[in-house]
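Visitor: model the following, please.
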Amino acid sequence: MDPLAQLKDIHLPGAVHNYPIAPGWWLVALSLLVLLIFVGLRIRRYIVKHKAKKQAIKQLANANDTVAVVNTLKWALLAYFPRSQVAHLSGNNLKAFLTMTLPTKHQESFQQLSANNFNTVYQSNKQAISQNEAPSNVIEAEFTQAAKLWLNQALPPKDESYSDDNSLFTDNSTISSAIVQTEKSALKSTEVIGAKS
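Guide: Next up, the predicted model:
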């Protein structure tokens, strides 16, 4: 008998998969996928959070009087803060709240630029001009600058304590002390204006 006749024919090994990936690479791919989803959600949250701010800045560009500027600020407040905190604010209370939400380094310039506009917003033009003793277009331009400063520096709020449960102004003494500070700075600015003229 021929020993070579008992040999079987040559057979090829099974087909190798195109991507024989080790388990470590699957882990890396899964980690990258989770990271991309996380980054995408953060970007989406950032866009949503800043959408109202961008709209308010666009509205402010079209605002042509003090009433429109105050309405834009109130709209922005309602977009970022609980309605129970900000809906009732007007005059010195509104100015105090806006000032308190700004970083400390911008508070004084906001108070100077906004002057007494929060109180004179619904007065007739003659009364407002007689109180401010400056041309109305200069006053409106400064007030618009104050509003831009507030929108750019205070929104979105960096402190998450502005909610219905943990209110910044739950204590009436806090808001009244803020109003007193606002009135003092307004008196100082009118003294400076009076001294210049």
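
Visitor: let me know the pLDDT of the nearest residue to Asn152 once chain neighbours are set aside.
Guide: Nearest residue to Asn152 in three dimensions, chain neighbours excluded: Ile57, at 7.6 Å (CB to CB, 6 or more residues apart in numbering). Any C-beta I mention is one placed from the backbone N, CA and C, and that applies to glycine too. According to the prediction, Ile57 has pLDDT 92.

Visitor: in this model Leu151 seems to touch Ile57, though I could be wrong.
Guide: Yes. Ile57 is within contact range of Leu151, at 5.6 Å (criterion: CB atoms under 8 Å).

Visitor: flag the shaky bits of this protein, pLDDT-wise.
Guide: The model of the chain has pLDDT under 70 over residues 1, 121-136, 159-197.

Visitor: try it again at 90.
Guide: Along the chain, segments meeting pLDDT under 90 span 1-23, 49, 61-68, 85-87, 89-93, 104, 107, 109-144, 154-197.

Visitor: any idea where the helices of this protein begin and end?
Guide: For the chain, the helices defined by DSSP state H cover 23-62, 66-80, 83-86, 91-101, 104-114, 117-120, 125-132, 136-154, 172-196.

Visitor: got the CA coordinates for the fourth one in PDB?
Guide: Put plainly, it is helix 91-101. What follows is helix 91-101, C-alpha atoms only, in PDB (Å, rounded to 0.1, in the frame of the first residue of the first chain):
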ATOM      1  CA  GLY A  91     -38.300 100.800  39.700                       C
ATOM      2  CA  ASN A  92     -35.600 100.600  42.400                       C
ATOM      3  CA  ASN A  93     -36.500  97.000  43.200                       C
ATOM      4  CA  LEU A  94     -35.800  96.000  39.600                       C
ATOM      5  CA  LYS A  95     -32.600  98.000  39.600                       C
ATOM      6  CA  ALA A  96     -31.500  96.400  42.900                       C
ATOM      7  CA  PHE A  97     -32.200  92.900  41.600                       C
ATOM      8  CA  LEU A  98     -30.300  93.600  38.400                       C
ATOM      9  CA  THR A  99     -27.400  95.100  40.300                       C
ATOM     10  CA  MET A 100     -27.200  92.200  42.800                       C
ATOM     11  CA  THR A 101     -27.100  89.600  39.900                       C
END
